[in-house]
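Peer 1: coords please:
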Amino acid sequence: MLMSNRVLAFGLQAKLFRGLSDQSRLAILEAPLSGPMPACEIVEATGLSQTKTSNHLRCFCDCDLVAAEQERWFDYCYLSKQRAETLLRLAKKSSSNDSHGSSISRRVNEK
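Peer 2: Numbers count the residues shown, from 1 in each chain. Sure thing, here's the model as predicted:
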């Protein structure tokens, strides 16, 4: 039983890191930073299809990074504040302040 709980936890962690490893998913995650946003506006802000955006939002909901509430005809998506904002802040800090970040981005851009 204990081992199966650990395996499930690792599966969720892997899903989280996969979610954060894609530029499109990061754009989706950052879109509602300023407050709740209808899913259709996230589609517009990111330029992704509605289907792809919905699938990514579902993944983030599973990882407890995004939550949604239905209001009239729209699903308003918002960040599960503490977890998502902390992750985004750490990612930005890591990529902008890390001396290795600039060499990594140069290598990525060269490919």
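Peer 1: How are the strands of this protein distributed by residue range?
Peer 2: 37-38, 66-71, 74-79 (DSSP state E).
Peer 1: what residues are up against the residue positioned nearest the centre of the chain?
Peer 2: Centroid check for the chain by C-alpha atoms, centre = their mean gives Leu29 as the closest residue, at 3.8 Å. Residues touching Leu29, when contacts are defined by C-beta atoms under 8 Å, 6 or more residues apart in numbering, comprise 19-20, 60, 65-66, 79, 84, 88. Quick note: C-beta positions are derived from backbone N, CA and C, even for glycine.
Peer 1: switch the cut-off to 7 Å
Peer 2: Taking C-beta atoms under 7 Å, 6 or more residues apart in numbering as the contact definition, Leu29 lies against 60, 65, 84, 88.
Peer 1: wouldn't the first one be in contact with Gly19 here?
Peer 2: Spelled out, it's Phe60. Yes: taking contact to mean C-beta atoms under 7 Å, the distance of 6.2 Å between Phe60 and Gly19 places them in contact.
Peer 1: okay, those two: which has more neighbours?
Peer 2: Set side by side, Phe60 and Gly19 show more neighbours around Phe60, with 23 against 19, by other C-beta atoms under 10 Å.
Peer 1: what is the residue nearest to the more buried one when sequence neighbours are not counted paired to in the beta sheet?
Peer 2: Taking C-beta to C-beta, 6 or more residues apart in numbering as the measure, Phe60 lies nearest to Val66, with 3.9 Å between them; neighbours along the chain are not counted. According to DSSP bridges, Leu79 are recorded as the beta-bridge partners of Val66.
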